[in-house]
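Enquirer: Build me a structure from this.
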Amino acid sequence: MTDHAGPPPSLNLNVRGMHPSATVAINEHSNALIAAGHAVYKLGLGQSPFPVPPSVVESLRQHAHRKEYMAVRGLPELRAAVAEFHRRRAGLRHGYQAEDVLVAPGSKELMFIAQLAFYGDLLLPAPSWVSYSPQARIIGRQVNFLPTSLEDRWMLRPDTSTRTADATAGGRGS
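Expert: So this is what the prediction gives:
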């Protein structure tokens, strides 16, 4: 075995020097607290500490025989329900449609794939999930944070998005 002073030369340059994942660090710290006898509710990895609701268990039981691939963009019924939820939440009579919704196993994978598929900087609300910015840096994207506030219920404001996009594009002469 050879001692390496740094990362292996085959490691992608965009990954070298990255800090350990904040999500992994939180998980390891919470595991240490649990081992020390503390009660910890682990929400850092996106996994719920609460029991799976019986209705979900029953639905899984009823559909366990289904082994075919699902629709690539997600189950149509689920996409329609998500669109309807957001339409109601935003107080709109029209707007969100099932065609506007993409359902996937998790937002981290979706964000990474979207960043691979499209060119350009990444505009992230602050605060945002800790993985999005490092993902962007891995593939060489610039990250710009958009401030949010409690007064706006942590939702993005159009003027903030426009101002940041204009400043970002203007900084490169685009």
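Enquirer: What is the least confident helix or strand in the chain?
Expert: Each helix and strand of the chain was given a mean pLDDT (mean pLDDT, DSSP states H and E); the minimum falls on helix 158-171 at a mean of 78.
Enquirer: what packs against that helix?
Expert: For helix 158-171, the contact count by 3 or more Cβ pairs under 8 Å, 6 or more residues apart in numbering; DSSP states H and E identifies strand 122-126, strand 143-147 as packing neighbours. Every C-beta, even on glycine, is put in place using the N, C-alpha and C of the backbone.
Enquirer: For it, list every residue counted as buried.
Expert: By neighbour count with 16 or more other Cβ atoms under 10 Å, helix 158-171 contains the buried residues 160, 164.
Enquirer: now stretch 132-141
Expert: With burial defined by 16+ other Cβ under 10 Å, the residues of stretch 132-141 counted as buried are 132-136, 141.
Enquirer: For those residues, give me TSV that also has distance to Tyr41.
Expert: Below are the buried residues of stretch 132-141 laid out as TSV (distance: Cβ to Cβ, whole Å):
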residue	distance to Tyr41
Tyr132	23
Ser133	25
Pro134	25
Gln135	26
Ala136	29
Arg141	33
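Enquirer: how long is stretch 91-102 from one end to the other?
Expert: 21 Å (Cα to Cα, to the nearest Å).
Enquirer: what comes into contact with it?
Expert: Counting by Cβ atoms under 8 Å, 6 or more residues apart in numbering, the neighbours of stretch 91-102 from elsewhere in the structure are 73-74, 76, 79-80, 82-84, 86-87, 90, 110.
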